[in-house]
Structure formats: C-alpha cells, structure tokens
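1. show me how the following folds:
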Amino acid sequence: MTTTEALVVTAPDVMELQQVQVPDPGPDEVQVRVGAVGVNFIDVYQRQGVYPVPRPFTTCSEGAGEVVGTGERVAWAQRLGSAAGVINVPRDALVPVPDGVDLDVAAAAMLQGMTAHYLVNTTYEIKPGDVALVHAAAGGVGQLLVQMITRKGGEVIATAGTADKLEIAQRLGARGAIDYTQSGDLAEKVREANGGNGVQVAYDGVGKATFEASLASLRRRGMLVLFGGASGQVPPFDLQRLNSGGSLYVTRPTLAHYIETREDLLHRAGEVLGAISAGELSLEIGGRYPLRDAASAYADLEGRRTTGKLLLVP
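-> Residues are numbered from 1 along each chain as shown. Here you go, the predicted structure:
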C-alpha cells in the first residue's frame, strides 16, 4: 500500500487534493510514478455529469511516468484516476515512450494525438487535395490536426478566437484563417476562403456554437466530424437538415472506440510518438500546473485562454 496525493472530484465544481491509499498492483497491473497528467475537456464532461462517473473519483485519464521498480518510461490514455502521484495501470493500457521524447511531451500527446490521428486517418481519411475546416485550430487537438492534414496533402481552413491563435494555425500550415468572434456569417467566410466552395470535412470540437456553421460549410456529401463540445453539447436537430444541405454526413466519434484493441493502441500511439521523436510533429505545451492549481488549469481551458496542451504535474 502506497500513500499519495490525488485530485478528487466531490461535486460538479469541486476538486480537492486528498491523501489516498494506492494498493499494491494486481497481477495484470504495474505501479507507475506519474510524471505529468494531461488536461482534457473529457475531464470537464465527467465532472459535470455529461459523461456520468460515480463521485467521488480521481480525475484525468491521460499521463506518462516511470514504472516503479524498473524505471521504464510509459504513457497511457483512457485511464480514469490519473491525476495522482502514483497509480496502478493495466499492463495492456501502457505504451513505451521513445528515447528523446520527454515524459511531459508524451503525456501531452496521448489522448489528443491519438484523437487527431484517428480523425484524419480513419473517421474521415484525408486525401491529397482535400480541404478541411478545423475549429479551435490553436488548441491541443487543433494544432495536431492542422499538421497531420497538411502532411497528408490536404489543406486547412482554420478558425480561432484571436489573431495570435490564427497566426499559430497559419504557422503550422493552415491556408486560410478566420476569427470566429467577428461579425458575419462564419460559413460564408469559410466558403470565401475556399474559392466559393464548401469543404470536404469539418472537424468540430467546439460543438454548440459552431455546429450549424460547420454543416453550412460542407460541400455536397461532405462530413461533419463532431468530436467534442467545448462550447456546450449540440441539441437535437432535424435530420432533414442533412438532406437539404446536400446529403451530408454527421458522426460523433470517441477515442475509446478507435483503440479498443492492443494492436490499435500501439499503432496509433506509436505513430504519434514516433512522429514527435522524429521531429515531424510539433506539440506545444501551453501551461504546466501543480495539482493544487488544477482549478486554474480548467478555468483557463474552459475559458479558451490557452493554446496547445495543458498539463498537471504531481
């Protein structure tokens, strides 16, 4: 039994740093000393009850660290309870961290990196010449989407809320950049940036505030990939909207269904971490917060005051 600090959710708006007891690892587990923990919107959804989790629970699902006793460097995603100094993790949920990739970078890359990977390679496979709309393009997933799409020969029309954020997206390869806080029809601006045409795919992690504009930005038989709801959950809508828009597609994927097998997990994580190690994919860490300052980290995330990836450091 090991005593450690953990960030425990006791109510929708309450996170407490508590001393918890971590049992010895089971036969299919290893104990990991956590080096860094990723901050994600799924943590907010779980805390608020959008994704119900019985309270109290230790928050966060992603991180990296060293195996106790061996020092092996490992990373993981989809493991609720990661915001602690020491945790037990199933062996088959861990992936090796390549030499040359720091643990904080590995922690930052897992959930958002594999999300971007499945979005552009599987949910809608980007082909050379495709034009994609990427909302919140300076955020953690957004920056990775811009890079992965352009590496595959696609083009990106990026949206963000400030000039600085748009500059980041353009530096990473976005062809068009639109400030969605400015007045005017967002879908019209997207089409103007694409020579009057709709886009093949819209990657939308913002949700409620951008959903209609994303649909209206698509060309016939285009696909809206709704992978998050940073501005709130999208309300029910009339499916005839897809008909009138041009036989459109809408999907709501989640990472867990794309890494269900050990083979898929190793493939996606290996490609993401390998590209970072090779210098082919850059990842911005937008802030590091001690566990005791987690409330500030989530306030910054939910207030869209950050770029890149936020981390908690035990």
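
2. neighbours around the spatially closest residue to residue 22 that is not a sequence neighbour, how many?
-> Closest residue to residue 22 apart from its sequence neighbours, by C-beta to C-beta, 6 or more residues apart in numbering: residue 2 at 4.5 Å. All C-beta atoms are positioned from the backbone trio N, CA, C, and that covers glycine. Residue 2 sits with 16 neighbouring residues when counted by other C-beta atoms under 10 Å.

3. quick check: most distant residue from the centroid of this protein.
-> Farthest-out residue of the chain from its mean C-alpha position, per C-alpha atoms, centre = their mean: residue 1, at 32.9 Å.

4. for that residue, give its distance to residue 192.
-> 62 Å (C-beta to C-beta, to the nearest Å).

5. for residue 16, same thing?
-> Distance, residue 16 to residue 192, by C-beta to C-beta: 49 Å.

6. got the phi/psi numbers for the residue nearest to residue 22?
-> The phi/psi pair for residue 2 (degrees, to the nearest 10) reads phi -120, psi 140.

7. got a list of what it touches?
-> Contact analysis of residue 2 by C-beta atoms under 8 Å, 6 or more residues apart in numbering lists 21, 22, 24, 31, 86.

8. same check on residue 112?
-> Going by C-beta under 8 Å, 6+ apart, residue 112 touches 38, 40, 140, 141, 144, 309.

9. alpha carbons of whichever helix or strand it is part of, as CSV, please.
-> Per DSSP states H and E, residue 112 falls inside helix 103-118. What follows is helix 103-118, C-alpha atoms only, in CSV (Å, rounded to 0.1, in the frame of the first residue of the first chain):
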residue,chain,number,x,y,z
LEU,A,103,7.6,12.4,-20.3
ASP,A,104,5.6,15.7,-20.2
VAL,A,105,5.5,15.7,-24.0
ALA,A,106,4.4,12.1,-24.0
ALA,A,107,1.6,12.9,-21.5
ALA,A,108,0.5,15.8,-23.7
ALA,A,109,0.5,13.7,-26.9
MET,A,110,-1.5,10.6,-25.9
LEU,A,111,-5.2,11.5,-25.9
GLN,A,112,-5.2,14.5,-28.2
GLY,A,113,-2.5,13.0,-30.5
MET,A,114,-4.3,9.7,-31.0
THR,A,115,-7.6,11.6,-31.4
ALA,A,116,-6.2,13.7,-34.2
HIS,A,117,-4.7,10.5,-35.7
TYR,A,118,-7.9,8.6,-35.9
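
10. show me where the stretch 151-300 of the chain has strands.
-> 155-160, 176-179, 199-204, 218-226, 249-251, 285-290 (DSSP state E, counting those that start in this stretch).

11. turn those into CSV, including mean pLDDT, mean neighbour count and distance to residue 187.
-> Below are these laid out as CSV (pLDDT from 0 to 100; neighbours: other C-beta atoms under 10 Å; distance: least, C-beta to C-beta, whole Å):
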stretch, mean pLDDT, mean neighbour count, distance to residue 187
strand 155-160, 97, 27, 11
strand 176-179, 95, 20, 10
strand 199-204, 98, 28, 10
strand 218-226, 98, 19, 9
strand 249-251, 98, 15, 15
strand 285-290, 94, 17, 28
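
12. how about the ones you listed, which one is nearest residue 129?
-> In terms of C-beta to C-beta, the element of those nearest to residue 129 is strand 155-160, at 7.7 Å.

13. wait, what's in contact with residue 46?
-> With C-beta under 8 Å, 6+ apart, residue 46 has these contacts: 9, 52, 53, 57, 59, 80.

14. try residue 128
-> Contact analysis of residue 128 by C-beta under 8 Å, 6+ apart lists 152, 153, 154.

15. rerun that using 6 Å as the cut-off
-> residue 153 (C-beta atoms under 6 Å, 6 or more residues apart in numbering).

16. ramachandran coordinates for it?
-> Residue 128 has phi and psi values of phi -50, psi 130 when expressed as degrees, to the nearest 10.

17. give me the pLDDT value at it.
-> pLDDT for residue 128: 98.

18. and if you look at residue 190?
-> 97.

19. what's around it, how many residues?
-> Here the count is done by other C-beta under 10 Å, and residue 190 has 25 residues near it.

20. grab the most central residue of this structure for me.
-> residue 112 (3.2 Å).

21. now do it against residue 135, distance only.
-> Residue 112 is 14 Å from residue 135, where distance means C-beta to C-beta.

22. again with residue 157
-> Going from residue 157 to residue 135 by C-beta to C-beta gives 10 Å.

23. next, the buried residues of stretch 20-37.
-> Within stretch 20-37, the residues that count as buried by 16 or more other C-beta atoms under 10 Å are 20, 22, 25, 29, 30, 31, 32, 33, 34, 35, 36, 37.

24. now these in CSV, with secondary structure?
-> Shown next, in CSV, are those (DSSP: H, G, I helix; E, B strand; the rest coil):
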residue, secondary structure
20, strand
22, strand
25, coil
29, strand
30, strand
31, strand
32, strand
33, strand
34, strand
35, strand
36, strand
37, strand
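
25. no further queries at this time; thank you.
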